[in-house]
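> Fold the following, please.
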Amino acid sequence: MGAILGCGLAVVLAITAGVSADDKPEQVDGKKLVGKWAPAELPKGATGFIEMTKDGKVISSFEFGGKAEKASGTYTLEGTKLIVTLARNGKDEKHVLTVTKLSDIELVTQDAKGMVETLKRLVDKK
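Okay, here's the model as predicted:
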């Protein structure tokens, strides 16, 4: 289950391999991060989302194989670096991601190992 949460953040979480430096924004509009995001790809039968609030909090919730895993923490944005700290199993886990693309509907990040993750904004049904 921890792997699914990790995927959700690191997917934040190899879809857009080959992103060049010219494609990366110099600054990211932090207001666009606020909202619920879901990985563009999850294992079959898995569900989940990551929510970022305007006050710098992050909540993640994933379910796979009948097991649910939730975590909460904080995030900060420094230029294009998205720093997420989650409390899981009594320990803080820090994830440093580079935002390579952020639009109203899509968030693409890359971790230090080069893993690229695409998240899609979830829209509340009215």
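> helices and strands around the helix or strand containing Thr118, which ones?
Element membership of Thr118, judged by DSSP states H and E, is strand 116-121. In this structure, strand 116-121 packs against helix 2-10, strand 35-39, strand 106-110, with contacts taken as 3 or more C-beta pairs under 8 Å, 6 or more residues apart in numbering; DSSP states H and E. Using the backbone N, CA and C atoms, a C-beta is placed for each residue, glycine as well.
> Now that strand - C-alpha only, CSV.
The C-alpha trace of strand 116-121 is given here as CSV (Å, rounded to 0.1, in the frame of the first residue of the first chain):
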residue,chain,number,x,y,z
VAL,A,116,7.8,11.6,-13.9
GLU,A,117,4.3,11.7,-12.6
THR,A,118,1.2,13.2,-14.2
LEU,A,119,-1.7,14.2,-12.1
LYS,A,120,-5.1,15.3,-13.4
ARG,A,121,-7.3,17.8,-11.5
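> What residues of it count as buried?
116-119 (16 or more other C-beta atoms under 10 Å).
> Could you give the average pLDDT over that strand?
Taken as a whole, strand 116-121 has a mean pLDDT of 96.
> likewise stretch 46-63?
Mean predicted confidence for stretch 46-63 is 96.
> What are the buried residues along that stretch?
46, 48-52, 58, 60-63.
> Now do the SS call for the closest residue to Val58 other than its chain neighbours.
Distances taken as C-beta to C-beta, 6 or more residues apart in numbering place Tyr75 nearest to Val58, at 4.7 Å, with adjacent residues excluded. Tyr75 falls in the strand class when you classify it by DSSP: H, G, I helix; E, B strand; the rest coil.
> where does Tyr75 land on pLDDT?
Tyr75 is given a pLDDT of 97.
> State the number of residues packed around it.
20 (other C-beta atoms under 10 Å).
> Glu41 versus that one, what's the distance?
Look at Tyr75 and Glu41: by C-beta to C-beta, to the nearest Å, they are 22 Å apart.
> That's all I had, so thanks and see you.
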